[in-house]
Structure formats: structure tokens, C-alpha cells
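Chemist: with the input below, show me the fold.
(one chain, ligands or ions: 4)
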Amino acid sequence: MPYNKELEAAKKAVSRAARLCQRVQEALLQSDVQSKSDKTPVTVADYGSQVLVSFVLQKELSSESFSMVAEEDSGDLRKEESSETLRRITELVNDTLATDGSESINALSQEDVLSFIDSGKSDGGSQGRHWVLDPIDGTKGFLRGGQYAIALGMLDEGKVVLGVLACPNLPITSVASNDYLTSLDKIGSLFFAQVGEGTYMQSLYGSQSSKVHVTGTENPEEASFFESFEAAHTMHDLTSLIAKKLGVKVPPVRIDSQAKYGALSRGDGAIYMRFPHKGYREKIWDHAAGCIVVTEAGGVVTDAAGHPLDFSKGKHLDVDTGIIVTNQKLMPALLKAVRESLQEKSSL
Ligand SMILES: Nc1ncnc2c1ncn2[C@@H]1O[C@H](COP(=O)(O)O)[C@@H](OP(=O)(O)O)[C@H]1O
Ligand SMILES: [Mg+2]
Ligand SMILES: [Mg+2]
Ligand SMILES: [Mg+2]
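Modeler: Numbers count the residues shown, from 1 in each chain. Ligands and ions are numbered 1, 2, ... in the order given. Presented below is the predicted three-dimensional model:
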């Protein structure tokens, strides 16, 4: 298959980054939390994860040219007041590489760490290949001890051709209701897909993978829907109006991060809706990996007007109003419910 080598490298990269994130989440200290200039929380784990993914991809694919569009940059870390944070990130990355133990490598210096972070500075676009990385998607979930994902996709000529989602806190069995919060099942799910080959899931700690499919349900009354935990990220009142119009009976399952796309790809729920508040522009790293994981599992991802997402325009995704995800059978009814609800809301 055309992207096998890249897919293997991507799985290795996100699995390593997931170990680093787990170590930080376990020992989450207040001092690990920083604020970027846009005031979103960013932790040593976001940076550390970006370093590890960048490092592993470049090492595994050393013969290929490397371009990556990633969420974090080193600007804040280069400031003098961040020297302790930079020291901690460097230590964390080196400890994670050392405990992996599979190969001997020289420890990374602080300058190496900064430059691996900055190798995610590409703007992407419609030509050539570009990796797309969200080193921790759902940072707020991560800080709360909830769901988060290390999300890595690859664009080729503007299209997402492979995607990998590591979800360290997602049980490997269903999260179809909010009971997942107290699930005692084995946790740690890894989803991966390449174009034309379907979507697979395995435990984050195992190698046995199985093919997954979105639910086949046509009946909205049986459908549960996923949305962001954070009310600031999506209009919960609008999604509940849409769900009601569609005939959905069960309350929404609220999960942070692209774990929603992973859970949907294996049929835990039937619908994911995301309607950000006015003025917000979506970023490609929040959807690239999740989008291919769902579409290769038989699902459909569009904006509120039914257009497919266009990842070829740089860092931003310009969508009409919001993003909706479901299976092929439910999509026409979902689009109708979305259209009617938006009209109703605008006439208020
Ligand atoms: N006002 C807003 N509206 C919509 N999405 C937002 C937002 N502010 C931040 N986000 C994005 O929502 C992502 C998390 O999505 P979710 O709510 O599904 O967990 C964040 O990713 P990061 O956590 O990687 O920064 C961030 O990119
Ligand atoms: Mg962020
Ligand atoms: Mg994100
Ligand atoms: Mg992030």
C-alpha cells in the first residue's frame, strides 16, 4: 500500500508521545500549566509530545523530505522566563526516549528540543506531502484528567491520506453512554487509517488490530451523539435543538478531543456535531486524523452545508457554520435537521 511506511512511522511516533503524555498526566503539577498568548492552556506535555512525534518521524523516514503543520511553536519557550519549562520538557523527552530502550540515542539538547518543535512550522497547502499534528488535542480534557488524543495525519496533494489517533484514556470497548467516565475496561485505544484501506483499532499497548466500522443504524431514535465537553467549543443549545428535530432520544455524550472521531469510527455513537461560537476558525490539526479515521470506517464528514472539508488551504479549515459527522444513511436527515435548526435560530 502506498503509505505503509509512513503509517508505521506515524503509529510509532504517536505511541511514544502518548507515553510521555501519560507520565505528565499522572504527575500533573500546577507548575506544568502555562498559558499561551491566546490564553489556551498548554503544558509541558503538548510541547514534549510535539518533539517526540517530530523526532520519531524524521528518524524513521530520514530519506524523505519533511514538512509538518503542527499546533505548537517555540516562541514562548524561547523567552527567558520559560527556561525552567524548557529544561523540564527536555528532561521529559530524554527520559521517555531512554525508558523506551529500543535504541541508543544521544540525549537531545535544549536547542534540539526547540528545533524539533519548530519543524512543525509548515503552512501545508495543496502541493506535496505535509504531516499535520495536534500533539495533545483536548488539552482541557487532559488537564481535567479526561479524554485527549495525539492526532497525526498526512496530506498528499491537499488530501488527507493517512491518520493516526492515540487516545490514552479511551477504553478499548464502547463509550456509548456517559458511563464511560467510570468504565473499568482496559483503557488506551489507537486508531489508524490510510486512504482506501479502511480503519483499524488496537490497544495502545498491543499489536493485534481489528477493522472497525461506523454504526449502520438508520434510525435516529437509536442514535446517540457526541459533542465537546467544553461549552465554549460548541453551542450545546443548538446541537440539542438539532438532535431533537432529528428524533434522537438519548442525551449527548460529551467527550473531549478527537477521541470523538475514534469512538464514532467503531460505532460507539452515530453522530458528532460541532458548532463553534461565532468568529472561531477551525484548524486542520483538530480534524485531519479524525476525518480519515471516520471516512475510512464508512462515515461522512461535512460542514453544515454538506460540503466535504478542504484541508488544502493552509492551517485553517474554512467551514460553513460547523462540522457534522455521521454514517451515510443518517446524513440526509441530519443535514435537514441542521438546516431547519439554523433557520429557526436565525429567525429568533
Ligand atoms: N472557541 C472555540 N471554539 C471551538 N473550538 C475551539 C475553541 N477554542 C479552542 N478550540 C479548539 O477545540 C479543541 C478541542 O476540541 P474538543 O472540544 O473537541 O475537545 C482545541 O484543541 P487543543 O486542545 O488541541 O487546543 C482547540 O483547537
Ligand atoms: Mg491548543
Ligand atoms: Mg486540538
Ligand atoms: Mg492541541
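
Chemist: could you check stretch 266-275 against ligand 3 for contacts?
Modeler: No: between stretch 266-275 and ligand 3, judged by C-beta under 5 Å from the ion, nothing touches; the nearest distance is 11.7 Å. Bear in mind the C-beta positions are built from the backbone N, C-alpha and C, glycine included.

Chemist: list the contacts for the single nearest residue of the stretch 101-250 of the chain relative to ligand 1?
Modeler: Closest to ligand 1 within the stretch 101-250 of the chain is Ser228: 3.2 Å, counting by C-beta to the nearest ligand atom. By C-beta atoms under 8 Å, 6 or more residues apart in numbering, the contact set of Ser228 is 234, 254-256, 260, 274.

Chemist: tell me the pLDDT of it.
Modeler: If you check Ser228, the pLDDT there is 98.

Chemist: please shift the residue numbers so they start at 42 in all later answers.
Modeler: Sure, I'll start numbering at 42, so the last one becomes Ser269.

Chemist: mind checking how far it is from Leu48?
Modeler: 28 Å (C-beta to C-beta, to the nearest Å).

Chemist: what of Glu323?
Modeler: Taking C-beta to C-beta, one finds Glu323 at 25 Å from Leu48.

Chemist: neighbour count for these two, which is higher?
Modeler: Using other C-beta atoms under 10 Å as the criterion, Glu323 and Leu48 rank with Leu48 on top: 21 against 18.

Chemist: which helix or which strand is home to that one?
Modeler: Using DSSP states H and E, Leu48 sits within helix 45-67.

Chemist: please see if that helix touches ligand 1.
Modeler: No: using C-beta under 6 Å from any ligand atom, helix 45-67 stays clear of ligand 1, with a minimum separation of 12.0 Å.

Chemist: can you tell me the distance between the two ends of stretch 339-357?
Modeler: End-to-end distance for stretch 339-357: 25 Å, by C-alpha to C-alpha, to the nearest Å.

Chemist: oh, that last question was meant for stretch 110-117, not what I typed.
Modeler: First residue to last in stretch 110-117 (C-alpha to C-alpha) measures 18 Å.

Chemist: and what of stretch 367-375?
Modeler: Using C-alpha to C-alpha, one end of stretch 367-375 lies 8 Å from the other.

Chemist: show me where pLDDT drops low in the stretch 142-291 of the chain?
Modeler: Scanning the stretch 142-291 of the chain for pLDDT under 70 picks out 142-145, 217-226.

Chemist: can you pull out the strands in it?
Modeler: 170-178, 190-197, 200-212, 228-235, 240-244, 251-253, 266-268 (DSSP state E, counting those that start in this stretch).

Chemist: near ligand 1 at all, the second one?
Modeler: No: counting by C-beta under 6 Å from any ligand atom, no contacts exist between strand 190-197 and ligand 1, the nearest distance being 8.1 Å.

Chemist: so which elements touch that strand?
Modeler: Secondary-structure packing of strand 190-197 (3 or more C-beta pairs under 8 Å, 6 or more residues apart in numbering; DSSP states H and E): helix 45-67, helix 85-101, strand 170-178, strand 200-212, helix 329-336.

Chemist: just the longest one next, same as before
Modeler: Taking 3+ C-beta pairs under 8 Å, 6+ apart as contact, the helices and strands that strand 200-212 lies on are helix 45-67, strand 190-197, strand 228-235, helix 300-306, helix 329-336.

Chemist: what pairs with that strand, parallel or antiparallel?
Modeler: Sheet pairing for strand 200-212, assigned by DSSP bridges, gives strand 190-197 (antiparallel), strand 228-235 (antiparallel).

Chemist: the first one near ligand 4 at all?
Modeler: No: under the criterion of C-beta under 5 Å from the ion, strand 190-197 makes no contact with ligand 4; the nearest approach is 8.1 Å.

Chemist: contacts (any at all) between ligand 3 and that strand?
Modeler: No: residues of strand 190-197 are not located near ligand 3 by C-beta under 5 Å from the ion, the shortest gap being 7.1 Å.

Chemist: what about Glu198, neighbour count?
Modeler: Residues near Glu198, counting by other C-beta under 10 Å: 12.
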